[in-house]
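Visitor: predicted model follows, preceded by the sequence.
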Amino acid sequence: MPSESLASDLEVVRNFLDRVDPPELLSEEEEARLRAEIAELMAQKNAKLVAHYYTDSVLQDLAEETGGFVGDSLEMARFGRDTDADILLVAGVRFMGETAKILSQDKTVLMPTLEATCSLDIACPIDAFSAFCDQHPDREVVVYANTSAAVKARSDWVVTSSIALDVAEHLAEQGKKILWAPDKHLGGYIQKTTGADMLLWDAACIVHEEFKFRGLQDMRKLHPDAAILAHPESPAAVLELADVVGSTTQIIKAAQQLPNSEIIVATDRGIFHKLQQLAPEKNFIIAPTAGNDATCRSCAHCPWMAMNSLQRLLTSLQDESNEVLVDSKLAEQAMRPLERMLSFATSLNVQVKGKA
């Protein structure tokens, strides 16, 4: 994919962000009232809430308090598939709702807003992607979970960040060449680590793209004993400085296991809620981004994750609005690469987790 296409996609992202309204700030009393109303309504409607690590801490807490789940996108979808709830509430971004629906076609899947998308999803439209695949029929198509149902349906494999290396190694051992989409940084990391023959789509996460090598170098000088944990969607120069490169789940695990009392984290700051819950004795520091609140686009927090709120969640549940719908034929097609990954993971006896 030529670089000018990435520039065009980034402009689409910027234009979208300029018209996004953030949720209103709530008082403690308003927050408590909304939480109680949602919990009561969930019980009445046999609904469960699944929330991503990057959503607001109040949504993560509500999910766990009401018997729901907090985790990565595929973990969220698998929980939704296995629960006996009639309604699945997905606090995250749109592709997560779609993945949940693909795995739970018999359930009603709702989201606080259907406007919550993903820069990687936006930057990989199905028509352009399908044409790109058609130009390279000799390659195995492997896509990251941060993609639309249509892109998943066009692929041979869907992967999360924790299993992507294993899948790439597996395909390389079979002599297969890979067409990878959409994140160029994650793809580059996989390519460098495994040595696989990979053709990379040119897109990036607006959050991880902003972490900078020089700023991280300077921060390490200020905190010489701190460990650096980075998500592989970050630029290669940032990953070179990291002590651990891994998915959100792998970052959380490493933070608990490492002896360091200070930890610099290069991923969405929404993860800090879970990190502080599980390792309260440690000091977590967000890695520096391209600017401060006046200049950075994401400032280490996904603006679409930030669109999830208690008020929007309550409205969606009350009205059963913002339902995620995936065409049954498309869902069937998208299920195949997902099942291929799950079967492969079972053969490795590993859990399939990742940022996505």
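Guide: Now that the structure is in, tell me what you want to look at.

Visitor: residue 262 reaches residue 228, doesn't it?
Guide: No. At 10.1 Å, residue 262 does not count as touching residue 228 under the criterion of CB atoms under 8 Å. To be clear about C-beta, it is placed using only N, CA and C from the backbone, and glycine gets the same treatment.

Visitor: mind checking which of these two has more residues around it?
Guide: Higher neighbour count among residue 262 and residue 228: residue 228, with 22 against 14, using other CB atoms under 10 Å.

Visitor: the more buried one - that's part of a helix, no?
Guide: No. In this structure, residue 228 is strand, not part of a helix, as judged by DSSP: H, G, I helix; E, B strand; the rest coil.

Visitor: give the contact list for it.
Guide: Contacts for residue 228 were tallied using CB atoms under 8 Å, 6 or more residues apart in numbering; they are 216, 220, 241, 242, 243, 244, 263, 264, 266, 287.

Visitor: what's opposite it in the beta bridge?
Guide: Beta-bridge partners for residue 228, by DSSP bridges, are residue 264.

Visitor: just the pLDDT for it.
Guide: We have a pLDDT of 98 for residue 228.

Visitor: now list the buried members of the contacts of residue 228.
Guide: 216, 241, 242, 244, 263, 264, 266, 287 (16 or more other CB atoms under 10 Å).

Visitor: dump those residues into TSV; add secondary structure, distance to residue 161 and pLDDT as well.
Guide: As requested, these are exported to TSV (DSSP: H, G, I helix; E, B strand; the rest coil; distance: CB to CB, whole Å; pLDDT from 0 to 100):
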residue	secondary structure	distance to residue 161	pLDDT
216	helix	20	94
241	helix	18	97
242	coil	14	98
244	strand	13	97
263	strand	19	98
264	strand	19	97
266	strand	13	97
287	coil	17	94
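
Visitor: which one of the residues you listed is nearest to residue 62?
Guide: residue 263 (26.5 Å; CB to CB).

Visitor: do you know how far that closest one is from residue 245?
Guide: Distance check for residue 263 against residue 245: by CB to CB, to the nearest Å, it reads 14 Å.

Visitor: what residues do those two have in common as contacts?
Guide: Taking CB under 8 Å, 6+ apart as the contact rule, the neighbours common to residue 263 and residue 245 are residue 229.

Visitor: any chance you could list what contacts stretch 243-254?
Guide: By CB under 8 Å, 6+ apart, the list of residues contacting stretch 243-254 reads 53-54, 71-72, 75, 160-162, 189, 227-232, 239, 258, 265, 267, 271, 274-275, 278, 351, 353-355.

Visitor: now the terminal residues of that stretch, how far apart.
Guide: 10 Å (CA to CA, to the nearest Å).

Visitor: list the buried residues for it?
Guide: 244, 245, 246, 247, 248, 249, 250, 251, 252, 253, 254.

Visitor: next one: stretch 192-199
Guide: 194, 196, 198, 199.

Visitor: what is the end-to-end distance of that stretch?
Guide: First-to-last distance for stretch 192-199 - CA to CA - comes to 12 Å.

Visitor: on the three-state scheme, residue 48 is what?
Guide: Assigned by three-state DSSP, the conformation of residue 48 is strand.

Visitor: how many residues are close by it?
Guide: Residue 48 has 21 nearby residues by other CB under 10 Å.

Visitor: for it, name its beta-bridge partners.
Guide: Counting by DSSP bridges, the residues bridging with residue 48 are residue 88.

Visitor: and stretch 204-213, what's its mean pLDDT?
Guide: So the average pLDDT for stretch 204-213 ends up being 92.
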